[in-house]
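>>> could you work out the structure for the sequence below:
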Amino acid sequence: MVKNQSAIYIRKSSDDGTSSSDDQLHDLSDLAKRHGLTVVEIYREADGISASHLSTQPRPEFERMKADFGTKFQTLLYWKIDRYSRKGAMEAAELCELVRNTPDSRLLDDNGFDATTETIESRRLEVIIASEFARKEVEEGQKRILRGKESQRRNAEFMGGQVPFGLQAVRSLDRRTPTYLVPDPEQVKEIKLMFDLIVNGATTSELTHILLERGTETARGAKWTTNGLGRFLRSPHLIGQRQYNEWERVDGKKKIVNTDVARDDEGNPIQVHDPLIDESLFYRAQACLDSRAKIQTKRTQGKKTSQQQKMVHLLSGLLRCSGCDMNMMGKLAQNGGMYYRCVSCRQSIDGWLLNDYIADTALTLVSYLAWEEPDSPIIEEVSKRWMTKFDSGDNARRKKVETEAAKITTRLDKLRDDHYVKGVITDEQFEELSISLQAKLMPLEAELAQIPEATPDISPLIDLVGCSEGGELTGEGSVWADLKIHTRRNILRCIIDHIAVDPGTPQKPKENIVGRSNIVWATAENTSELGNRNGIIRNPKLTNKAKVLAQ
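Residues are numbered from 1 along each chain as shown. The predicted model follows:
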């Protein structure tokens, strides 16, 4: 390979409309020219992708860049170490090992850093320290944000996000003036109608259908659902109070640990805007909802958790009703059948038959691409998920070493927090413990660098499709059926964008499965993004924008 072949890695952590990613590209392109390098690849993350240790966001371009290092290019250019990573010592050490183990490789940044395969070992500490400073900067920024949020909570200010139904935002041109919320007259009329119907005996299900017939939509522009409406009717913003959630990060993910309204020093709720309805009407509706909930509880009391609640459905999150553009959820019937039902109009389709049809069709597409376009990004994404079924011994060892290294990294994080933030250990204690943990971490990092990456092999899946002559591709005993349900779901999610299900004949969910199912396939451009999505596939027409009044 020609030694002057290089690649540029670009990342911009905020999606604020500025052109810093373009500036990075301009500066690094000039840097490549000054060093006589030919740029053969540009790895550019989507704006808003974080590289912090506090984030679990996937970085597809980052992973692709690491996989190509040493094959497509040998010199990597990045603007600054914090553009490459903010995760600290471990990921910085991995970068050093990557360069050290790749002949004739080189690292360049726009701040004068220049290291090669021969010199990277002497520059290792410099890279690690710079990465640790980037990590510390993230931690300090997080503390500033949390202090600001806590101040907003104490003052009962609007903290951003989706403006609730019934309110509109008033924003000042002066950014130092906080945004506040006021009632939206048109939506307040709809809210009063909702509560009048509830206290006069209407159920939330009946009220949902009334709102659908009236064309009333949620604050995001979606159609109301029974569950969503039930939560809305209990929201404290309806009587002028503001609700806040307290979050904690558990296993890298944010989770709500407490929910309460803003309160004064004496513990009384603070009135932050005019009530949308009379408090008496609000509490009468709560009593009605509570009484119905008690009746429902008595009906289900003593019953065991149903199989339906435990079961994960193959196509959950991928299905949308083409009639009302709402999600379709999987349900089990008492006779052992399964169907997918629209959460709004309640139209349904047989689940077992739809699962088989979608899986058969998707596997046939995979087989075609494997033979005709073996380098397709879709095949690459399927391979990654198929590899969870067929792990090699090296891959199992890699996962074990990565787990052990992650535990030590977590201990290092806690050690830094105890020293720098809480101040419960001295400088001498911190240095001694830190050196001890680093000594345990470095052999693991070295071993990771020596373990070859597992090569995914989807030939059993391809053979299954190719050898089938009108037989079952997904039936009992097939390779597909032997996969865990989560693996099958993950494979389908990188092949299929979504499935629109047309309304069928009432009470006949098994009829015309093929004709009612409209599959929108993934493309080479979006398969990675689709494969990494979680949960229900949201309606792309929904918006987080709210009515805004200029002040």
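>>> low-confidence ranges, the stretch 251-400 of the chain, go.
Along the stretch 251-400 of the chain, segments meeting pLDDT under 70 span 251-254, 294-311, 384-396.
>>> now do 80
251-267, 270, 292-312, 334-336, 344, 367, 370-372, 374-375, 380-400 (pLDDT under 80).
>>> and residue 505, that one's in a helix?
No. Membership of residue 505 in a helix is not supported by DSSP: H, G, I helix; E, B strand; the rest coil, which gives coil.
>>> that one: what's it in contact with?
Residue 505 makes contact with 511, 512, according to Cβ atoms under 8 Å, 6 or more residues apart in numbering. Just so you know, the C-beta spots here come from the backbone N, C-alpha and C atoms, and that holds for glycine as well.
>>> check it and give its pLDDT.
We have a pLDDT of 87 for residue 505.
>>> against residue 315, how distant is it?
Per Cβ to Cβ, to the nearest Å, residue 505 is found 21 Å from residue 315.
>>> do residue 217 as well
From residue 217 to residue 315 the distance is 26 Å (Cβ to Cβ).
>>> more neighbours, those two?
Taking neighbours as other Cβ atoms under 10 Å, residue 217 and residue 315 compare with residue 315 leading, 25 against 16.
>>> looking at it, that one is touching residue 499, isn't it?
Yes. When contacts are counted by Cβ atoms under 8 Å, residue 315 is listed as touching residue 499 (6.8 Å).
>>> could you find the closest non-adjacent residue to residue 113?
residue 107 (6.8 Å; Cβ to Cβ, 6 or more residues apart in numbering).
>>> contact partners for residue 6?
32, 37, 38, 39, 40, 73, 74, 75, 76, 77, 106, 108.
>>> please repeat the previous calculation with a cut-off of 6 Å.
32, 37, 39, 73, 75, 77 (Cβ atoms under 6 Å, 6 or more residues apart in numbering).
>>> which members of the residues you listed occur in helices, if any?
residue 32 (DSSP state H).
>>> tabulate the contacts of residue 6 (CSV), appending distance to residue 519.
Formatted as CSV, the contacts of residue 6 follow (distance: Cβ to Cβ, whole Å):
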residue, distance to residue 519
32, 43
37, 44
39, 39
73, 37
75, 43
77, 41
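>>> out of the contacts of residue 6, who's nearest residue 187?
residue 77 (51.8 Å; Cβ to Cβ).
>>> pLDDT score assigned to that closest one?
pLDDT at residue 77 comes out at 90.
>>> helices and strands around the helix ranked longest in the chain, which ones?
Identified as the longest helix of the chain according to DSSP H is helix 120-154. Counting contacts by 3 or more Cβ pairs under 6 Å, 6 or more residues apart in numbering; DSSP states H and E, helix 120-154 is packed against helix 81-84, helix 89-100.
>>> okay, and the residue nearest to residue 113 sits in which element?
strand 106-109 (DSSP states H and E).
>>> helix or strand right after that strand?
According to DSSP H and E, the helix or strand after strand 106-109 is strand 114-116.
>>> got the buried residues for stretch 510-521?
513, 516, 517, 519 (16 or more other Cβ atoms under 10 Å).
>>> ditto for stretch 88-101
For stretch 88-101, by 16+ other Cβ under 10 Å, it's 88-100.
>>> got it, and stretch 437-454?
Of all the residues in stretch 437-454, those buried under the rule 16+ other Cβ under 10 Å are 437, 441, 444, 445, 448, 454.
>>> now those in CSV, with secondary structure?
Shown next, in CSV, are the buried residues of stretch 437-454 (three-state DSSP):
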residue, secondary structure
437, helix
441, helix
444, helix
445, helix
448, helix
454, coil
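>>> just checking, which helix or strand of the protein averages the lowest pLDDT?
helix 307-310 (a mean of 44; mean pLDDT, DSSP states H and E).
>>> and the residue nearest to residue 485 when sequence neighbours are not counted, which of the three is it?
Once flanking residues are discounted, residue 485 sits nearest to residue 312: 5.2 Å by Cβ to Cβ, 6+ apart. Here residue 312 is recorded as coil under three-state DSSP.
>>> can you give me the neighbour number for residue 312?
Neighbours of residue 312 under the rule other Cβ under 10 Å: 11.
>>> with residue 268 instead?
9.
>>> ok, it to residue 376 distance?
Taking Cβ to Cβ, one finds residue 268 at 62 Å from residue 376.
>>> about what we covered before: so what's the gap between the following helix or strand past the longest helix of the chain and the chain middle?
Later in the chain than helix 120-154, the nearest helix or strand by DSSP H and E is strand 167-171. Offset of strand 167-171 from its chain centre (Cα atoms, centre = their mean, to the nearest Å): 28 Å.
>>> what pairs with strand 167-171, parallel or antiparallel?
strand 180-183 (antiparallel), strand 548-550 (parallel) (DSSP bridges).
>>> if you count neighbours, what's buried in it?
So strand 167-171, judged by 16+ other Cβ under 10 Å, has buried residues 167, 168, 169, 170.
>>> save those as JSON lines, and put in distance to residue 286 and pLDDT too.
Below are these laid out as JSON lines (distance: Cβ to Cβ, whole Å; pLDDT from 0 to 100):
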{"residue": "167", "distance to residue 286": "20", "pLDDT": "89"}
{"residue": "168", "distance to residue 286": "25", "pLDDT": "87"}
{"residue": "169", "distance to residue 286": "27", "pLDDT": "82"}
{"residue": "170", "distance to residue 286": "29", "pLDDT": "80"}
